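S.K.: quick one: sequence plus predicted model below, questions after.
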Amino acid sequence: MNTENQVLGLIKLSGYIKAFLSKKPEQYNEDDADIELLLKRSEIENPWFTIDNQKFALQQWADLLTKEGLTAWIENYSISKISKRVGLILAGNIPLVGFHDVISVVLSNHIPVIKLSSKDKCMIPFLLKKWAEFSDGEVKFEFVERLENFDAVIATGSNNTARYLEYYFKNHLSIIRKNRTSVAVLKGDETEEELQLLAKDIFQYFGLGCRNVTRIYIPRDFVIDRLFESFIGFQDIINHNKYANNYDYNRAVYLLNQEKFWDNNFVMLKEDDKLFSPLSVIHFSRYDSLEDVKNCIAENEENIQCVVAKEDLGLDSIQFGEAQHPGLDTYADNVDTMKFLEVV
């Protein structure tokens, strides 16, 4: 395989996506209209994949696929001289979440054998076809309903599914990913702008991604109303039928159980030590000592994808608003996919 052609193809793919996203519907050519139709079809098949969220995901990829970014990423790894077949069982919780695995396999000079998620089966095949066109045919891939004839596997599922996958693929080289979530740690002196950026980390993709914040650590004297004020920009989320159903259900459960919670009519805050919160609910816990927070995060490391916090807290964290902007060298479950593919 010609890695140079593959990289050039990704750069062209980036330009292709940016050109589409920069146009208004009345400016669409026939190709643009086909993409828009594909986005609409995806939303019909999976209502969580709104056109806005799909376009957001496309924009993130378009911004990542630059010559400088791709070169800096892959130069840290050795490209396999022998092409192997790598099975991919892709997740479908947010749009294009499995695209990073596909790109990693191809750029490692392997062939991805892809089992798509039923929730995200439109856009990845389209992008792969375009990438192959832009790369002079240097991109090889297969789509399958059942994985067979493969040398290694990368699979993503729930914690329950992961146990089954670990058993099923016990005789193969594998990466088996489980459920993860993300947390935020507030110092107390955050600006309104920083808290509004935190709201993006919470609500983008309706909170369905492993990089979405589901629990917030706040100082003992932090005023909860500050969070609700920063969330206002996302109040229209309640107009989404599936999200509203989750909100209504969880609110009813809390009321019936006489549990204490804070409510602003589109999201609830609940004081709870659990990392994972139900959709439409954000857990929070108050702290007196930052060391206690650090210990808690360390104890739950295998369940946390990323930590959002101010840099001066001394945590291994990302800035507010950056949760849904991972880099090419940011790996799910913090397992280096490219390093794994070197030894396949």
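M.R.: Received the coordinates, thanks.
S.K.: before we move on, which element is Gln216 in?
M.R.: No, residue 216 isn't Gln; it's Ile. The secondary structure element spanning Ile216 is strand 213-219 (assigned by DSSP states H and E).
S.K.: what comes up buried for that strand?
M.R.: Residues of strand 213-219 classed as buried: 213-218 (neighbour count, 16 or more other Cβ atoms under 10 Å). Every C-beta, even on glycine, is put in place using the N, C-alpha and C of the backbone.
S.K.: show the contacting residues for Leu64.
M.R.: For Leu64, the set of contacting residues under the criterion of Cβ atoms under 8 Å, 6 or more residues apart in numbering consists of 14, 327-328.
S.K.: give me that answer again for 10 Å
M.R.: For Leu64, the contacting residues are 10, 14, 70, 73, 99-100, 103, 325-328, 330, by Cβ atoms under 10 Å, 6 or more residues apart in numbering.
S.K.: buried ones among those?
M.R.: Those of the contacts of Leu64 that meet the buried threshold are 10, 14, 70, 73, 99-100, 103, 325-326, 328, by 16+ other Cβ under 10 Å.
S.K.: of the residues you listed, which belong to helices?
M.R.: 10, 14, 70, 73, 99-100, 103 (DSSP state H).
S.K.: could you dump those to CSV with pLDDT and distance to Ile79?
M.R.: Written out in CSV, the entries for those read as follows (pLDDT from 0 to 100; distance: Cβ to Cβ, whole Å):
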residue, pLDDT, distance to Ile79
Leu10, 98, 15
Ser14, 98, 21
Leu70, 98, 13
Trp73, 98, 12
Phe99, 98, 20
His100, 98, 17
Ile103, 98, 13
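S.K.: list just the nearest of those to Ala184.
M.R.: Closest to Ala184 out of these is His100 (23.2 Å), distances taken as Cβ to Cβ.
S.K.: relative to Val86, how far out is that closest one?
M.R.: His100 sits 13 Å away from Val86 when distances are taken as Cβ to Cβ, to the nearest Å.
S.K.: test my guess that Lys23 contacts Tyr16.
M.R.: No - at 11.8 Å, Lys23 and Tyr16 do not qualify as touching, with contact defined as Cβ atoms under 10 Å.
S.K.: so which elements touch the strand holding Ile216?
M.R.: Contact partners of strand 213-219 among helices and strands, from 3 or more Cβ pairs under 10 Å, 6 or more residues apart in numbering; DSSP states H and E: strand 181-185, helix 192-203, helix 225-231, strand 268-271, strand 281-287, helix 290-299, strand 304-309.
S.K.: I appreciate the help and will end here.
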